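Let me see the structure of the following:
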Amino acid sequence: PITFTALNPEQSSSETAETDTDNTGVTTLETRGKWGGLIINGKAPITGGTDMVEGLTNVPYGGTDPADDSGVLQYVRVWHGGAVVGANNEINGVTFGGVGSGTVVDHCEVAFNKDDGFEFFGGTVNVKYLSVLFVGDDAFDTDEGYQGKGQFLFAMVGNQGNHGTEMDSKYENLPRSHPQFYGMTIIGGGAANTDEGALMRLREGTGGKFGNLVLAHAPTGKAGIEHKQCSTELTTQDMTAVADATDLNGYLYISPNNVIDATPAFKQDECDGATDALTQYVSGAPGFAAVSSSMLDYSDMTANSFSPLPSTNGVTMCSGTVDDPTTIDDSFFSAATCRGAFASSSDNWLASWSWLACKGVLIGGTCSGIAAAPFAALMDTLETLGGDLTASKTLSASTSYLLTSQLFVKNGVTLSIPAGTTIYAIPPAADSTEAP
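Residues are numbered from 1 along each chain as shown. Here you go, the predicted model:
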């Protein structure tokens, strides 16, 4: 994989260290917010036409080309980010601003980010095999008319996260957000997370299609799906009630086949006439291979103890009616025999590259491990990165890169990063208002 991380991700400081109290006392958590993150701007439609990235000037996104191509992002890990990119603005692990469907995104992970994991501001980009671990806010965030597809999405909220998804729109403004997410597993922080909200929050008139969901380990009294601030969208659990399945501005569909282990399963607020619209789901604890209430935060995991895959006897995940999203789009969606982020009990797509595998806690993980000290991983050949990239450039896996300031890949320029490359960001000074 390609890795973006901080040079000293586990070094505590007064600016970035966080603590967590458990049964053994105070534990220093791996630090979040040690550098910025990835921001990808495209020219696909967003609500309002164009917009600007928070905290930056002259960095617009959005346009009129749904098929816009921003390149390829495959097997990319973004760890320990979320520092301020501008005054009073933290950023997400990976931000997609008006990114089009010509862009390829799969097998990417955000871990230990201070803000959201993946955020989609409008656009039509389709994503597959995404993992979000222990971020400080929401795992997946959509807004400003995002109308892309996603499949095989995994999130662990942890003890300090907020929602698995926060999905917004702009009420009556078009395009209406309409994420089409099938095959998603969200594992909440459980009773230890007293600040976390619902596992999924849908609001501001967002539309969408959501099927093959597995939502588990919600905090005490928090909903599986919170639906609030409705607009003119049709809310339904009957796909036949949707007159035109291509009308992405018209409706919100939530499959009755989703597995929700939360009380209440649904919570609706500010949704006139939709009080009873969401009632159908599969109740019961999902049959995870190895996930218990003692494994919900990374500081509680032990070696080779954790697996979010469906077990062979996980009847609520792999039996009954499993949605077939290929009927919506067989050119992107894949058929699955189980609900959730893993298509089957053997589909361990996290096994060789996720933080869970590299930390040695994932059953069946094969990663060689995370370097114990940052300088032990640096190669003899070093190169610094930063500023405006005005000519195409290809990095090398045999070189260690130090991101010393914000790096802008300008319009018309290609940055190529081969497999196995690691980019280390230098954490900002305590009085800095910008992070690389």
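
Going along the chain, name the helices of the protein.
Secondary structure of the chain (DSSP state H): helices at 315-318, 355-358.

Do you know the pLDDT at Ala371?
Per-residue confidence at Ala371 stands at 73 (pLDDT).

what residues are up against it?
Ala377 (C-beta atoms under 8 Å, 6 or more residues apart in numbering). Every C-beta, even on glycine, is put in place using the N, C-alpha and C of the backbone.

ok now do the closest residue to Asp388 other than its chain neighbours, which residues does it touch?
Once flanking residues are discounted, Asp388 sits nearest to Phe408: 5.0 Å by C-beta to C-beta, 6 or more residues apart in numbering. Under the criterion of C-beta under 8 Å, 6+ apart, the neighbours of Phe408 are Val59, Gly387, Asp388, Leu389.

Ok, Gly284 next?
Val259, Asp261, Thr316.

which residues does the residue lying closest to the second one once chain neighbours are set aside bridge with?
In this case it means Asp261. Leaving out its chain neighbours, the residue that sits closest to Asp261 by C-beta to C-beta, 6+ apart is Ala216, at 4.4 Å. With DSSP bridges applied, Ala216 shows beta-bridge pairing to Ile187.

Same question for Leu415.
According to DSSP bridges, beta-bridge pairing links Leu415 with Lys393.

Quick check, it in contact with Ala391.
No: using C-beta atoms under 8 Å, Leu415 is not in contact with Ala391, being 10.2 Å away.

Looking at these two, which has the bigger crowd around it?
The residue with more neighbours, out of Leu415 and Ala391, is Leu415; 14 against 9, by other C-beta atoms under 10 Å.

Look up how far Gly123 lies from that one.
20 Å (C-beta to C-beta, to the nearest Å).

sorry, back to before: rank the helices of the chain by pLDDT, which is bottom?
For the helices of the chain, mean pLDDT drops lowest on helix 315-318, to a mean of 89.

What are the contacting residues of that one?
So helix 315-318 is in contact with 214, 259, 282, 284-287, 310, 337-340, 344-345, going by C-beta under 8 Å, 6+ apart.

Tell me the confidence at the residue in the chain sticking out farthest from the centre?
Using C-alpha atoms, centre = their mean, the residue of the chain lying farthest from its centre is Asp380. It sits 33.9 Å away. Per-residue pLDDT puts Asp380 at 85.

Same check on the one 5 residues further on?
Taken from the predicted model, the pLDDT recorded for Leu385 is 95.

go on, Leu174?
89.

What is the neighbour count of the nearest residue to Gln268 once chain neighbours are set aside?
Closest residue to Gln268 apart from its sequence neighbours, by C-beta to C-beta, 6+ apart: His227 at 4.8 Å. As a burial measure, His227 scores 25 neighbours (other C-beta under 10 Å).

Run a quick check on His227 versus Thr206, I expect a contact.
No: applying C-beta under 8 Å, one finds His227 not in contact with Thr206, separated by 9.1 Å.

so what sits against both of those two?
Leu252.

circling back: and the helices of the chain: which comes nearest Ser101?
helix 355-358 (28.5 Å; C-beta to C-beta).

Just the C-alphas of that closest one, formatted as PDB.
Only the C-alpha atoms of helix 355-358 are listed here, as PDB (Å, rounded to 0.1, in the frame of the first residue of the first chain):
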ATOM      1  CA  TRP A 355      -4.000  -1.000  10.400                       C
ATOM      2  CA  LEU A 356      -5.900  -3.800  12.100                       C
ATOM      3  CA  ALA A 357      -3.700  -6.300  10.300                       C
ATOM      4  CA  CYS A 358      -0.400  -4.400  10.700                       C
END
